[in-house]
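Engineer: Predicted structure and sequence below. I'll ask about it afterward.
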Amino acid sequence: MRHHLITVLCLLLAVSVHAADDPTIPAQLKTDVQVAMNAHIDSNQSGGRFVIYDAVDGKLLRLQLKELHAGVVRKGEFYVSCADFADEMGAVVDVDFLVVRSDYGFRVLEGVVHKVGGKKRPYHLEENTHE
């Protein structure tokens, strides 16, 4: 765990902010979100690559992590931050991670492919007001 924290902190220091960032979110909470993202990426690897299902193209992607974005925003009940990966052909794939606070800290619920080769794939996250 300590290795993961050090890795995340180094990435945070080295990364310029590419994504949206909410300055009202405390720095420690942002670090906690980043640690959860890094742990999720590490635990969902095969052959040294992060594996995620791309629902739009209907295929598994095997991605190489390039950088975690430092920005964190709140969307509904989730904290959202993203990371840039490279696919097997070298195209940049931006994955957004939906992070929640749990009984044991923070954890990623889902990764969503947000951009492929710079082309956005919109998705909708708002608080559900259905009762």
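Structural biologist: Perfect, thanks for sending it.
Engineer: I figured L60 was touching R49, is that so?
Structural biologist: No - using CB atoms under 8 Å, L60 makes no contact with R49, being 10.2 Å away. No exception for glycine: its C-beta is placed from N, CA and C like everyone else's.
Engineer: more neighbours, these two?
Structural biologist: R49 (17 against 11; other CB atoms under 10 Å).
Engineer: Identify the bridge partners of the more buried one.
Structural biologist: Under the criterion DSSP bridges, R49 forms beta bridges with S46.
Engineer: what about it, distance to V116?
Structural biologist: In this view, R49 and V116 are 16 Å apart by CB to CB, to the nearest Å.
Engineer: Kindly report the same for K59.
Structural biologist: 11 Å.
Engineer: Tell me which of those two has more neighbours.
Structural biologist: Taking other CB under 10 Å, K59 and V116 do not tie; V116 has more neighbours (18 against 9).
Engineer: In contact with the more buried one, which residues?
Structural biologist: For V116, the contacting residues are D54, D87, A91, V92, V93, D94, by CB atoms under 8 Å, 6 or more residues apart in numbering.
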